[in-house]
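> need a structure here:
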Amino acid sequence: MNPVWNIFARMSGTPFFSARWSQHLAYLLLLVGVAAYVYAWLYGRSLYLDEANLALVLETVSVPDLFLPLPFEQYAPPFFLTLAKAGLFVTGHQEWGLRLLPLLAALGSLWAMFRLLGQLNWSWNARLVVLSWMALSPHLTRYASECKQYSWDVLITILLLSVAVHYRQHPPKQWSWSGPALLFLIIPWASMPAVFLLGTWGGLEILGTYRQRDYKNSIAWLGVSLLGLCSFLLYYQQVIGDNLTNTLLLDYHRPWFMPWRLDQPGQLSHAFSLLTDLGAWSYGHTAISLVAGIALGLIGWVVLLKKQPFSALLLTGPLVLAIGASMAGHFTLIPRVNLFMIPLLLLLSGSGIQWLAGRWKEGIRPWIMLLVWALCLSSFLGKLPKLWQEPEIENLYQVMHELSDRSDQTPWYIHWNAMPAFRYYTEFHAERSRYGTVKTTPLPWTTSESILSEMDPPPAFWLVYSHLISDQARQEQEQFSETLNTQYDAVDTITAHGAMAIRYEQRLEDRN
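Next up, the predicted model:
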């Protein structure tokens with residue numbers, strides 16, 4: 001035998017892949033995930049467009065009005081917003097306060113997944129791979145430090161799965177039906193995607209108890225499910241119903257609706273693209289990691305369907321319902337909105353790992369397990385930034401700081417994409433006083449051809465942009481520059497990631 005291979009064989013033998021080693025690595029991955037999430041939070045990056053709009057909601061909308069349609073083209077579950085608003089009183093009006101609840105939810109989701117894997121009594125090999133995905137996911141890390149509800153959705157999903165498994169293992173007695181009833185009543189107001197899991201769970205329990213001729217519990221689960229349905233319908237009518245008639249939101253989300261006429265030209269490839277994006281957010285953006293994750297998920301689903309059909313359907317039912325709602329035009333498949341799918345897909349793949357671990361004991365060599373783990377970890381070699389890089393999106397705050405340090409009296413014109421974050425930093429942020437003497441003018445929504453007439457600009461001014469991570473925003477900036485360059489010279493520029501300020505001075509011949 002080759003000496004190098006002999007050394008590798010000894011290193012990859014059973015002792016290395018023992019439960020003790022896997023357990024130690026799992027705890028280590030928990031610490032790595034906690035460190036990554038907390039680092040992203042402590043970095044305190046600048047608010048970006050959509051995040052700033054939700055920050056304005058938290059600052060300007062009273063708690064009772066959080067249970068009504070929101071301004072600024074925003075949506076978030078009322079209970080999440082109420083708790084997030086409380087975070088502002090803990091850390092003050094700054095980025096850390098706005099993102100405190102998402103951070104706590106992300107940290108809670110790591111621990112909740114760890115507990116759920118133990119509740120399922122999976123091998124440490126399977127737990128290790130699932131926790132690898134959870135702890136090192138750049139998507140989960142990003143939304144641990146973003147003032148949005150997506151990490152909260154992940155936590156609610158994992159907790160509901162844990163509760164569903166518990167009730168399956170320990171059916172409620174007559175006096176304890178208040179627990180499920182309270183859950184089904186409250187959860188629709190805490191996490192919108194969670195209703196897909198509630199619907200699946202309730203339907204499975206009704207069907208299961210009915211097939212067992214346990215009519216008493218079947219009626220009880222039917223009552224609980226109807227209570228949850230009524231709660232969701234009230235929530236849908238009162239909170240998010242207006243969004244379905246908002247033309248701007250519908251136009252934005254339309255490309256993310258799953259097509260139902262797959263026989264039409266281009267629709268099948270569009271559907272495949274949507275599903276691939278959802279899988280990539282769970283397993284990674286490399287072909288190897290995506291194929292490995294999907295293959296393990298399919299194996300895991302088949303295994304669960306044979307041995308634990310309730311678990312198999314509980315994990316896949318919410319996915320099917322979400323896609324069906326998208327086909328009906330009532331739910332968007334933008335990956336960040338579907339972050340709640342990540343634990344569902346990872347658990348399916350974890351079931352595949354669990355099966356492989358069992359087969360390994362019957363003859364599969366340890367190096368195969370090492371290869372599977374390497375394929376899983378390769379998902380984080382994709383196109384997104386690594387965990388140790390700064391989790392920046394668009395840094396308008398840096399541009400504003402540098403502009404204010406110039407201490408001149410040149411007025412600022414603010415592009416509409418920069419207005420939400422600009423308004424937050426000048427009206428609500430803890431350091432808003434530094435901008436008190438700045439003369440600013442919001443730029444009205446206009447075309448590049450009419451910008452000069454709409455602005456009526458002075459001889460010198462700064463034009464502030466943000467959201468330049470968007471192709472459309474960059475094109476607008478270039479078109480505005482071309483128009484302004486007909487009468488003005490760009491004499492100075494301040495740039496940061498996704499944000500920019502350009503100082504324009506009118507040519508002498510154009511001042512007359």
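
> could you list the low-pLDDT ranges of the protein?
By pLDDT under 70, the weakly predicted segments of the chain are 1-19, 172-175, 241-246, 248, 360-391, 407, 509-512.

> quick one, strands of it?
Counting by DSSP state E, the chain has these strands, from start to end: 412-414, 440-442, 460-465, 488-496, 499-506.

> need the residues that contact the last one.
Where contact means CB atoms under 8 Å, 6 or more residues apart in numbering, the residues beyond strand 499-506 that reach it are 46, 394-396, 398-399, 402-403, 410, 412, 418, 457-466, 468, 477, 481, 484, 487-494. C-beta here means a position set from N, CA and C on the backbone, and glycine is covered the same way.

> which of those residues count as buried?
46, 394-396, 398-399, 403, 410, 412, 418, 457, 460-466, 468, 477, 481, 484, 488, 494 (16 or more other CB atoms under 10 Å).

> and Leu42, how many neighbours does it have?
Number of residues near Leu42 (other CB atoms under 10 Å) recorded here: 12.

> sorry, that was for Leu345
23.

> pretty sure it is in contact with Ser282, am I right?
Yes. Using CB atoms under 8 Å as the test, Leu345 is close enough to Ser282 to be in contact (4.2 Å).

> shared neighbours of those two, which are they?
With CB under 8 Å, 6+ apart, Leu345 and Ser282 have common neighbours Gly293.

> and the nearest residue to Gly87 once chain neighbours are set aside, what does it touch?
Computed as CB to CB, 6 or more residues apart in numbering, the closest residue to Gly87 that is not its neighbour in sequence is Leu100, at 3.8 Å. Neighbouring residues of Leu100 by CB under 8 Å, 6+ apart: Trp41, Ala84, Gly87, Val90, Thr91.

> list the contacts for the fourth one?
So that's Val90. Per CB under 8 Å, 6+ apart, neighbours of Val90: Gly97, Leu100.

> what about the helices in the stretch 151-300 of the chain?
For the stretch 151-300 of the chain, the helices defined by DSSP state H, counting those that start in this stretch cover 178-186, 194-211, 215-235, 247-253, 267-283, 287-307.

> ok, which of the ones you listed comes nearest Thr446?
helix 247-253 (16.8 Å; CB to CB).

> packing partners of that closest one?
Here helix 247-253 touches no other helix or strand, going by 3 or more CB pairs under 8 Å, 6 or more residues apart in numbering; DSSP states H and E.

> for that helix, which positions count as buried?
Leu249, His253.

> what about the closest residue to Thr495 other than its chain neighbours, distance to Gly498?
Closest residue to Thr495 apart from its sequence neighbours, by CB to CB, 6+ apart: Val399 at 7.5 Å. Applying CB to CB, to the nearest Å, the value for Val399 to Gly498 is 10 Å.

> overlap in contacts, the two.
Joint contacts of Val399 and Gly498 (CB under 8 Å, 6+ apart) are Ser466.

> if we can go back for a sec, and the strands of the chain as TSV, adding distance to Arg115?
Below are the strands of the chain laid out as TSV (distance: least, CB to CB, whole Å):
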stretch	distance to Arg115
strand 412-414	47
strand 440-442	49
strand 460-465	46
strand 488-496	41
strand 499-506	41
